[in-house]
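Participant: Take a look and give me a structure for this.
(2 chains)
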Amino acid sequence: MKSSVIVFPGSNCDRDVAVALEKFQIKNQMVWHDESNLPKSDLVEIKNQMVWHDESNLPKSDLVVLPGGFSYGDYLRTGCIASKSRIINDVLKHANRGGLVLGICNGFQILIETGLLPGVLLRNKKLRFLSKNVFLKVINVNSKFCLNYNKKNIIKLPIAHNEGNYFANNALLKKLEDRNLIAFKYCNEKGDINNTSNPNGSSNNIAGILNNGKNILGMMPHPERLIDPLLSGEDGSIMFESLLKSH
Amino acid sequence: MKITPDIINNHGIKPHEYKKIISLIGKEPNLLELGIFSAMWNEHCSYKSSKKYLKTLPTKNKKVIQGPGENAGVVDIEDGDALVFKIESHNHPSYIEPYQGAATGVGGILRDVFTMGARPIATLNSIHFGNHNHPKTKNLLNGVVSGIGGYGNCIGIPTVGGEVKFDNSYNENILVNAMAVGLVKKNKIFYSKAKKVNQPVIYVGSKTGRDGIHGASMASAEFDENADEKKPTVQVGDPFTEKLLLEACLELMKDDSIISIQDMGAAGLTSSSVEMASKGNLGIEIDLDKVPCREEKMTPYEMMLSESQERMLLILNSGKEENAKKIFNKWGLDFSIIGKTTSSKNLVLNFNRKEVANLPLSSLSSDAPVYDRKWKKNLISKKKNLPKDFKSLKISESLKKILISPNNSEKSWVWEQYDHTVMGDTVQKPGGDSSVIRIHEKNKGVAMTVDSSSHYCLADPITGGKQVVCEAWRNLISVGSKPIAITNCLNFGSPEKDEIMGQFVETIDGISQACKYLDFPVVSGNVSFYNETQSKAISPTPTIGGVGLIKNLDYMTTINLKEIGSYILVVGKTLGHLYQSEFFREVLEIKDGPPPEINLFNEKNNGLLIQTLISKKLVNSVHDISSGGILVALSEMCISGKIGANIKVPRNNISLHEYLFGEDQSRYLIEINEENNVEVSKILEKNNIYYEIIGKTQKDSLYLNNEFNIKLNDLSELNSFWFRNYFKEN
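Facilitator: Below is the predicted model of the structure:
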């Protein structure tokens, strides 16, 4: 599997997610935001020439990751300026072809600004930055990102954001619920989804959503930060294992 | 423009200092030159009142690569790795404009660290506020915490530890001390000393604006009733630009383009150019027309004294300019060749093709005034008779009062506003004795802590100075690290007063004694005087930032209780010292009397013994016993481990209150498995270490026979109540 992590000025979780991808042997390449093309998968061709030759019409990257951080300093509006970066054109093409796109934290904000995912991310209800471990219920365990969560659907991941309060109108919420496009909801240790287990005020406790094609996932929590028992858990690893398995 | 006594006074320069300027440079200075003197000779930059005493601190041992005098200190952490770290104050600006003041405090200390070639891996902070009922406190606390978070979160460096304290003495003078720690390869450290003549001097980073002009001079004077009018002297931070500057500098540092580098911090372009050239015993010539300016028609005076943030001054090997420029352009930053090194040993400034200033560098650095200020010994408050009735107070009620007080409350309201897990290496989060960051892709870690104890220091500066060093040492020991070195931030009132100077001199004496005994040198730091308003000074507040090495993270320890049915031991002797304790302050409102004494011999022995137990994997959890005494420390272990304890107080000559709330020093609480009890006792006895078994862990509650049985949930609810209530959340 080959992934590309897009680096914007002000991205600050790019290294963390690259470490996670490489830990799970997903061949990763950093891409500067100003490039106009995603890299060619030459490494994979060398390594898995036969496979790639057969699949020559597939996108050049299997997975594109938009990492967390403060792209362009969050100026104007979180994710807004990054969504107009040159590379985004190719990300859009990749996404529209059905390629996998994962947006984490600021990456989720960027995905919303590009229109690849619906809704908006407002400031947290308590109007302050929030950095802590939260419990999540994995709602959709069928997407390529979350396959392996079918064995464990209440998980713990860290959040670290100021604008993670997902808002959608009732019609959109209904659509997300009906079509099973909600990836994660905030819950408590027991899996209860309610106001007290909602850290930031998100509509229906939503922590992450999928697009219609379920090839794009945007999420506020950081799976790349819990991939090691020393870091108080490995629930993030399950996502990367799912991606590998689905491939 | 004629230099009048008024102008001299407005620059914070005393008449006798002005005379000295004239004799040093052989002429009357022009306004620009006077401004430069004011920037370099103020207390903040020149250390004129503190230098004499700072020299007495131990600054070397075989781990120290770079002691005080550079942008930050550097210590060896083996395998070719080194740690770069420093703490600095941003007190005055934070009181005037809490968000920007605190934010730029973080930005400034981060630049000090990456200037040396290190990638910052963590920041910590120590923040002090006035009484929580003071009308300004809530706003200041909120602003400072958002400012620290706003900067650190954006640049993407975890804020992993610190302390938040409240005391009346900070009502009009809050303290914001920020510490940064960075990681560098031992053979890739960059310094500020210029070398070789005719090498290009480069300005990189943000443009220069009119913000922060004379910031350092402001920080070198006490506040009057018009403190709010000083707002324009506070700088405005842009963490986004700093992130770009960080990445660009580290990219350029991969090869050998840079001869020397210095950030433009306090006193901006003036101090950076003067320091680099004078350290290299060279001269420097700057063409001010080349300085990138944010605003139109900026004068040389404004350019030289601006404290605009996110700027660096580099001296490159000539010929490397083009490659360097490419890197800074890629990151969207200004890059301008503004001058060159010379052999003149003078600072020469040109503007509009005219020479506008010409000063011998020695007059700004080595010949700057140094004072031997008068000082007075502090009277140590005597023990009075204890009030008789305190023994009738219920232990459980007293414990609750302490746990619910602002100073002893659990501080997650604060540290949850800081991204403390970015970079993926935070293996011990805020809330323990020290924070621990793993060295990226290795199984070793760095422990770090910041500590202060102003109550102890006010009551007895020598003991207080020793205590705060020992506290840092103990906190580092408790997580399984070997303490290496410290950085200190010395916050005091006006050095022009004998008794304040006395506090300073004696505190340094205490710090120095402890550092020498523990082989725990001071490698960097900063002095902040004039923390006073209308002649009311803060309590003396030395803040100590300590770092330690955990060679193998399998041996890291934490404070949370681990198992039901294990033993709880107090290591170290409990004498029951209650003066200056949280019990006296919070429950009985007694604020006088001496602080607990420090016995450095016991401190070292007890600490080393704990290290031995950890290295033999004999302990489940460790917590040092500090403010609040045994019972508060044990409560914290219970709350974080979600495990209770059933305790008995050993028979001795002191009362229950003295035993449980006494703040005798050099003690630890440890949890050990039943089967290790014999071995642990043997080791303790063999080494003549005093210890007592005080009980066992159990489910759900903290229990003391005939006294109390408090449910864990209630305990943790009490401890987290204050902040939520203060900010009316939930």
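
Participant: Can you pull up the residues of chain A that come close to chain B?
Facilitator: Contact residues, chain A versus chain B (CB under 8 Å from any CB of the partner chain): A:9-10, A:12-13, A:15-16, A:19-20, A:68-70, A:72-75, A:126, A:128-132, A:158, A:160, A:162, A:222, A:224-225, A:227-228, A:230-231. For every residue, glycine as well, the C-beta is placed using N, CA and C.

Participant: Worst mean pLDDT across the helices and strands of chain A, which element?
Facilitator: Of all helical and strand segments in chain A, the minimum by mean pLDDT, DSSP states H and E falls on helix A:49-54, at a mean of 22.

Participant: Just the buried ones from the residues of chain A next to chain B?
Facilitator: Listed as buried from these are A:9-10, A:12-13, A:15-16, A:19-20, A:68-70, A:72-74, A:128-131, A:158, A:160, A:162, A:222, A:224-225, A:227-228, A:230-231; burial here means 16 or more other CB atoms under 10 Å in any protein chain shown.

Participant: just checking, residue B:433 touches residue B:479?
Facilitator: Yes: taking contacts as CB atoms under 8 Å, residue B:433 lies within contact range of residue B:479: 5.7 Å.

Participant: shared neighbours of those two, anything?
Facilitator: The contact sets of residue B:433 and residue B:479 overlap at residue B:622 (CB atoms under 8 Å, 6 or more residues apart in numbering or on different chains).

Participant: so who does the spatially closest residue to residue B:611 that is not a sequence neighbour touch?
Facilitator: Spatial nearest neighbour of residue B:611, chain neighbours left out: residue B:477 (6.1 Å); criterion: CB to CB, 6 or more residues apart in numbering or on different chains. By CB under 8 Å, 6+ apart, the contact list for residue B:477 reads B:483, B:548, B:607, B:610, B:611, B:622, B:624, B:668.

Participant: other SSEs contacting the helix of greatest length in chain B?
Facilitator: Across chain B, the longest stretch assigned as helix under DSSP state H is helix B:498-518. Contacts defined by 3 or more CB pairs under 8 Å, 6 or more residues apart in numbering or on different chains; DSSP states H and E place helix B:498-518 against helix B:51-54, helix B:454-459, helix B:461-478, strand B:482-491, strand B:541-550, helix B:600-615.

Participant: quick one: buried residues of it?
Facilitator: Neighbour-count burial for helix B:498-518 [16+ other CB under 10 Å]: B:500-515, B:517-518.

Participant: Quick one: mean pLDDT over stretch B:158-169.
Facilitator: Mean per-residue pLDDT for stretch B:158-169: 97.

Participant: buried set for it?
Facilitator: Within stretch B:158-169, the residues scored as buried using 16+ other CB under 10 Å are B:158, B:159, B:160, B:161, B:162, B:163, B:164, B:165, B:166, B:167, B:169.

Participant: cool, and stretch B:666-675?
Facilitator: B:666, B:667, B:668, B:669, B:670, B:671, B:672.

Participant: Quick one: end-to-end length of that stretch, please.
Facilitator: End-to-end distance for stretch B:666-675, by CA to CA, to the nearest Å: 26 Å.

Participant: okay, residue 87: pLDDT?
Facilitator: Defaulting to chain A. Looking at residue A:87, its pLDDT stands at 86.

Participant: look at chain B instead
Facilitator: pLDDT, residue B:87: 98.

Participant: As JSON lines, the buried residues of stretch B:158-169 with secondary structure would be great.
Facilitator: Below are the buried residues of stretch B:158-169 laid out as JSON lines (DSSP: H, G, I helix; E, B strand; the rest coil):
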{"residue": "B:158", "secondary structure": "coil"}
{"residue": "B:159", "secondary structure": "strand"}
{"residue": "B:160", "secondary structure": "strand"}
{"residue": "B:161", "secondary structure": "strand"}
{"residue": "B:162", "secondary structure": "strand"}
{"residue": "B:163", "secondary structure": "strand"}
{"residue": "B:164", "secondary structure": "strand"}
{"residue": "B:165", "secondary structure": "strand"}
{"residue": "B:166", "secondary structure": "strand"}
{"residue": "B:167", "secondary structure": "coil"}
{"residue": "B:169", "secondary structure": "helix"}
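
Participant: JSON lines for these, including distance to chain A?
Facilitator: JSON lines is the format used below for those (distance: CB to the nearest CB, whole Å):
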{"residue": "B:158", "distance to chain A": "9"}
{"residue": "B:159", "distance to chain A": "9"}
{"residue": "B:160", "distance to chain A": "11"}
{"residue": "B:161", "distance to chain A": "13"}
{"residue": "B:162", "distance to chain A": "14"}
{"residue": "B:163", "distance to chain A": "18"}
{"residue": "B:164", "distance to chain A": "15"}
{"residue": "B:165", "distance to chain A": "21"}
{"residue": "B:166", "distance to chain A": "20"}
{"residue": "B:167", "distance to chain A": "25"}
{"residue": "B:169", "distance to chain A": "28"}
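
Participant: Farthest-apart pair in those residues, please.
Facilitator: With CB to CB as the measure, no two of the buried residues of stretch B:158-169 lie farther apart than B:158 and B:169, at 30.9 Å.

Participant: Surely residue B:646 touches residue B:696?
Facilitator: Yes: assessed by CB under 8 Å, residue B:646 is found in contact with residue B:696 at 5.7 Å.

Participant: Do you know the pLDDT at residue A:55?
Facilitator: 28.

Participant: got it, and the one 5 residues further on?
Facilitator: Residue A:60 is assigned a predicted lDDT (pLDDT) of 68.

Participant: For residue 32, give me its contacts.
Facilitator: Unless you meant another one, I'm taking chain A. Going by CB under 8 Å, 6+ apart, residue A:32 touches residue A:7.

Participant: Chain B was what I was after
Facilitator: Counting by CB under 8 Å, 6+ apart, residue B:32 makes contact with B:300, B:301, B:304, B:349, B:356, B:357.

Participant: Contact residues of the stretch 601-730 of chain B facing chain A?
Facilitator: With CB under 8 Å from any CB as the criterion, the stretch 601-730 of chain B meets chain A at residues residue B:729.

Participant: And for the residue of the stretch 601-730 of chain B found nearest chain A, nearest residue in space, chain neighbours not counted?
Facilitator: Closest residue of the stretch 601-730 of chain B to chain A, CB to the nearest CB: residue B:729 (6.4 Å). The shortest distance from residue B:729 to any non-neighbouring residue, by CB to CB, 6+ apart, is to residue A:126 (6.4 Å).

Participant: Please list all residues in contact with the one you found.
Facilitator: For residue A:126, the contact set (CB under 8 Å, 6+ apart) comprises A:200, A:201, B:729.

Participant: Spell out the residue ranges of the strands in chain A.
Facilitator: In chain A, the strands defined using DSSP state E lie at A:2-7, A:27-32, A:63-66, A:100-104, A:120-122, A:130-138, A:154-161, A:165-167, A:182-187, A:206-210, A:216-219.
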